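**Student:** Could you work out the structure for the sequence below:
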Amino acid sequence: MRYTSMLLISLLMLVAAQVQAGPVDINSADAAGLAAAIVGIGEKKAASIIAYRQANGPFARIEDLVNVKGIGAATIEKNRRNLTVAPPAR
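**Tutor:** Numbering: from 1, shown residues only. A predicted model of the protein is given here:
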């Protein structure tokens, strides 16, 4: 019974964190933020996203993440609700 209660509390905390977090802007998030927001992406791949962004400019749309080596359309679709691209500042 104790194990079940602890598991339930952990799951509730995880869901609450996801609800509060909101989508992450792939043009402004740091590596830790990207790794936390994108399922299947670790710190190394998140660093690759930032390196691509620095070399090529901001992403125009979420789908442009496929241009980063190692990120495919399936990863983007799986994470679409967690990601956003903010309009450029004027």
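**Student:** State the pLDDT value of the closest residue to residue 34 other than its chain neighbours.
**Tutor:** Nearest residue to residue 34, sequence neighbours excluded (CB to CB, 6 or more residues apart in numbering): residue 46, at 3.8 Å. (Glycine included, C-beta is placed from N, CA and C.) Looking at residue 46, its pLDDT is 97.
**Student:** Could you measure from residue 46 over to residue 2?
**Tutor:** Computed as CB to CB, to the nearest Å, the residue 46 to residue 2 distance reads 36 Å.
**Student:** And for residue 75?
**Tutor:** Look at residue 75 and residue 2: by CB to CB, they are 37 Å apart.
**Student:** of the two, who's got more company?
**Tutor:** Taking neighbours as other CB atoms under 10 Å, residue 75 and residue 2 compare with residue 75 leading, 18 against 6.
**Student:** just checking, the more buried one touches residue 40?
**Tutor:** Yes: with contact defined as CB atoms under 8 Å, residue 75 counts as touching residue 40 (5.3 Å).
**Student:** my read: residue 34 touches residue 50, true?
**Tutor:** Yes: counting by CB under 8 Å, residue 34 touches residue 50, with 7.4 Å between them.
**Student:** When those two are compared, which one has more neighbours?
**Tutor:** Ranked by neighbour count (other CB under 10 Å), residue 34 and residue 50 place residue 34 first, with 25 against 16.
**Student:** Now for residue 34: which residues touch it?
**Tutor:** Taking CB atoms under 8 Å, 6 or more residues apart in numbering, we find residue 34 in contact with 24, 26, 41, 46, 49-50.
**Student:** What strand or helix carries it?
**Tutor:** Using DSSP states H and E, residue 34 sits in helix 31-37.
**Student:** after that helix comes which helix or strand?
**Tutor:** helix 43-56.
**Student:** Show me what the helix or strand following that following helix packs onto, helices and strands only.
**Tutor:** Where DSSP H and E defines the elements, the next helix or strand beyond helix 43-56 is helix 73-79. Judged by 3 or more CB pairs under 8 Å, 6 or more residues apart in numbering; DSSP states H and E, helix 73-79 has no packing partners among the helices and strands.
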